[in-house]
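In: everything below, folded, please.
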Amino acid sequence: MKQSDDLMMARPVRDSQSEMAEIVLPNDANPLGALLGGRLMHWIDLAGAMAAHRHCRNYVVTAAIDHLDFWVPVHIGDLVILRSSVNRVFHTSMEVGVKVWVENYLLDSCQHVSSAYLTFVAIDGAGRHLKVPAIVPETDEQRRRYEDAGRRRESRRSELDRRRSKIT
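Out: Sure thing, here's the model as predicted:
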C-alpha cells in the first residue's frame, strides 16, 4: 500500500503539539505518596506518541527513549501536565520532545519535573516502516530543537556503533 501524496506533505511543528494532563491518584504512587517513576515514564511515552501520531498520521512505535531525570517530586493530588511535539523527522523515524510539569492548583504553583526525547518509528498495519513527512520548524525555539535533535541523533548513532564494536 502506497502512502498518498497529501499525507507526505511537510507539516509545521504546531500540528504535532500535544498536551495531556493526569491527576496523580493513590494507585499512581509509592507508599510515601510520591508518583512512581514508571507511571511517569508511561505517561511520557503516551504524550510522545500523541505528537508522533498527529504528525505522521499513521501508527507509531517507540524505538528509543533518552535517559530521564526527575527533578522535583510529584505527589498524590498533584496535576501532571505533559507537553509534546515533534522536534525533527528523519526517514521513517522522528524525535519527539516531552516536557513534564507538576501543577499544585491549591498552592498555585507549577514546576518542571522532567524532560525526555523519544524516537518513534512510523509503521503500517503489518509493521513495515513508513516514510514520515518532513517537519517545518517555524519559531526560533523550534529551529533550535530541530538542530539539537540532529546532534542528538549523531550522538546516539556513535554510542550505538561503540556498543556494537564491543560485542564483536
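
In: was I right to think G125 contacts N58?
Out: No - the pair G125 and N58 does not pass the contact test of Cβ atoms under 8 Å, sitting 9.3 Å apart. Bear in mind the C-beta positions are built from the backbone N, C-alpha and C, glycine included.

In: which of those two has more neighbours?
Out: The neighbour count for G125 versus N58, taken as other Cβ atoms under 10 Å, is higher for N58 (18 against 8).

In: after the longest strand anywhere in the chain comes which helix or strand?
Out: Longest strand in the chain, counting residues (DSSP state E): strand 109-123. Per DSSP states H and E, the first helix or strand lying C-terminal to strand 109-123 is strand 135-136.

In: chain center to that next one, what's the gap?
Out: Strand 135-136 sits 16 Å away from the centroid of its parent chain (Cα atoms, centre = their mean, to the nearest Å).

In: buried ones in the following helix or strand past it?
Out: Next helix or strand after strand 135-136 toward the C-terminus (DSSP H and E): helix 140-167. In terms of neighbour count (16 or more other Cβ atoms under 10 Å), helix 140-167 has its buried residues at 142, 145-146, 149, 152-153.

In: quick test: name the residue nearest the centre of this structure.
Out: Residue closest to the mean C-alpha point of the chain, counted by Cα atoms, centre = their mean, is G48 at 3.2 Å.

In: what's the longest strand of the chain packed up against?
Out: Helices and strands touching strand 109-123, by 3 or more Cβ pairs under 8 Å, 6 or more residues apart in numbering; DSSP states H and E, are helix 37-56, strand 59-65, strand 79-89, strand 93-104, helix 140-167.

In: let's have those in JSON lines, adding mean pLDDT.
Out: JSON lines is the format used below for the helices and strands packed on strand 109-123 (pLDDT from 0 to 100):
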{"stretch": "helix 37-56", "mean pLDDT": "97"}
{"stretch": "strand 59-65", "mean pLDDT": "96"}
{"stretch": "strand 79-89", "mean pLDDT": "98"}
{"stretch": "strand 93-104", "mean pLDDT": "96"}
{"stretch": "helix 140-167", "mean pLDDT": "90"}
